[in-house]
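> Fold the following, please.
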Amino acid sequence: MMRFGFLPLVLLISTSALAEDCTSIKDDAKRLECWDAAAAARVTPTIRDMKSWPFGSNTGAPPAPETNTNLHIRDTLGAPYEEAKALSLSLTTSGGDRPLKTSAAFIYELGNDMLPEEARKGGWSTWAGAQWVKDSSSSKPVDGRVARLAAQGIVGSGHIGFVSLDAVQDNVAKTLTVGIRPEITPVFGFTEDGTPYSRNSAYSAYVRFGAQVDRVRLSPSQQRVQGNAAGLNLKLNLNYYPGHQVAPLRLFLDSVRAHDFYAGSDLTKRDSTFYDFGAEWMFTRPDKKAGAIAPTLSLHRFIGSNFLIGTSPTVKTVLAFGLKIN
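Model prediction:
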């Protein structure tokens, strides 16, 4: 089952409504009976269950955890229950060059015990993670690393709120960035439909609106330049599951557009656009077994750069075996 990604609208049901109904009763005895009945009635909480995102009900008591591990391994940093592609690693030979190519992210759930009660009721939880994107080819090298502390949950009428503290290092551009990255993902009835990896087709489509407020240090030579930068970013995540005879197949398109509207006098406004599209075949169903390891085979087409995660410009096609641990 797809995990995050993404979501039905939250229904808000409160016991205060019952109390108001009882208060309107004029007869003292009947009003007391109403209050007793309301107190005895078991009210089912309507807290969105993060583990059901998407394609899951957001009502009822949260089910028992599906996995017995807090560790998740993917290709990019995202919420633990968000659908993501598998970690990939490849070594190729071309013209005497043997570049190592990898995209790996490790995510660890921290829970929500440290959050206020209202935030926990809204499905908010915290997690920490690290990501490494590497391409050692001599023509267009990429070496981006990210460390993140994040929280995510529900805002408004069922939309997804997210905020993180990121440390990003681009070893090619020689930059180190520390910043706050808030983000919101609107969720509507048409955002997703169907059950992934099943007999019937399914899809999900998410548009994420974000911002970056960063402290940037640039060290391209012996002289170090640093300052503040801020801007907006837009992310698009599309997934399609054909189902039927090719149920383990997923077609995807992920894109990121980021631009700075402010940069300190010693800095240049950052601007980047990145696309990753292709197909992924999953050999096992990770949602069928707690903590399952899911090997995959994927074909990617990468175009552009993404300063949010410290990757330099690239254009490449990669066929790789991957590994995902939910």
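> and the nearest residue to residue 231 once chain neighbours are set aside, how many neighbours?
Spatial nearest neighbour of residue 231, chain neighbours left out: residue 260 (3.7 Å); criterion: Cβ to Cβ, 6 or more residues apart in numbering. Bear in mind the C-beta positions are built from the backbone N, C-alpha and C, glycine included. Neighbour count of residue 260, defined by other Cβ atoms under 10 Å: 21.
> Please apply the same query to the one 5 residues further on.
Other residues lying near residue 265 total 6 when counted by other Cβ under 10 Å.
> So what pairs up with residue 321 in the strands?
For residue 321, the beta-bridge partners are residue 297 (DSSP bridges).
> Now do the strands in the protein.
Assigned by DSSP state E, the strands in the chain fall at 71-74, 87-91, 100-111, 125-135, 142-155, 159-170, 175-185, 192-193, 202-218, 225-241, 249-263, 271-282, 293-306, 311-325.
> Now mean pLDDT and distance to residue 33 too, for the ones you listed, in TSV please.
What follows is those, written out as TSV (pLDDT from 0 to 100; distance: least, Cβ to Cβ, whole Å):
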stretch	mean pLDDT	distance to residue 33
strand 71-74	84	50
strand 87-91	68	60
strand 100-111	85	41
strand 125-135	90	40
strand 142-155	90	35
strand 159-170	93	40
strand 175-185	94	45
strand 192-193	88	44
strand 202-218	93	47
strand 225-241	94	52
strand 249-263	95	55
strand 271-282	94	56
strand 293-306	88	55
strand 311-325	82	54
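> between the ones you listed, which gets nearest to residue 118?
Comparing those against residue 118 with Cβ to Cβ, the closest turns out to be strand 142-155 (10.0 Å).
> Partner strands of that closest one and their direction?
According to DSSP bridges, strand 142-155 has these partners: strand 125-135 (antiparallel), strand 159-170 (antiparallel).
> Please convert those to CSV, extending it with mean neighbour count.
CSV is the format used below for those (neighbours: other Cβ atoms under 10 Å):
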stretch, mean neighbour count
strand 125-135, 20
strand 159-170, 20
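> mind putting these in a markdown table, distance to residue 300 included?
Formatted as a markdown table, the strands paired with strand 142-155 follow (distance: least, Cβ to Cβ, whole Å):
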| stretch | distance to residue 300 |
| --- | --- |
| strand 125-135 | 12 |
| strand 159-170 | 20 |
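> so can I have a markdown table of the strands of the chain showing distance to residue 31?
Listed next are the strands of the chain as a markdown table, based on distance: least, Cβ to Cβ, whole Å:
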| stretch | distance to residue 31 |
| --- | --- |
| strand 71-74 | 51 |
| strand 87-91 | 61 |
| strand 100-111 | 41 |
| strand 125-135 | 40 |
| strand 142-155 | 34 |
| strand 159-170 | 38 |
| strand 175-185 | 43 |
| strand 192-193 | 45 |
| strand 202-218 | 47 |
| strand 225-241 | 52 |
| strand 249-263 | 56 |
| strand 271-282 | 58 |
| strand 293-306 | 57 |
| strand 311-325 | 55 |
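> Compare those and give me the one nearest residue 30.
Here strand 142-155 is closest among the strands of the chain (Cβ to Cβ), at 37.1 Å.
> What about residue 203, how many residues nearby?
16.
> And residue 214, by the same measure?
Using other Cβ under 10 Å, residue 214 is surrounded by 24 other residues.
> Report the contact partners of it.
The contact partners of residue 214, by Cβ atoms under 8 Å, 6 or more residues apart in numbering, come to 177, 178, 179, 180, 228, 229, 230.
> Just give the closest residue to the fourth one, not the sequence neighbours.
This points to residue 180. residue 213 is the one closest to residue 180 (Cβ to Cβ, 6+ apart), at 5.0 Å.
> from what I can see that neighbour touches residue 179, true?
Yes: with contacts counted by Cβ atoms under 8 Å, residue 213 reaches residue 179, the gap being 5.5 Å.
> more crowded one of the two?
Per other Cβ under 10 Å, whichever of residue 213 and residue 179 has more neighbours is residue 179, with 19 against 13.
> Residue 237 versus that one, what's the distance?
Computed as Cβ to Cβ, to the nearest Å, the residue 179 to residue 237 distance reads 21 Å.
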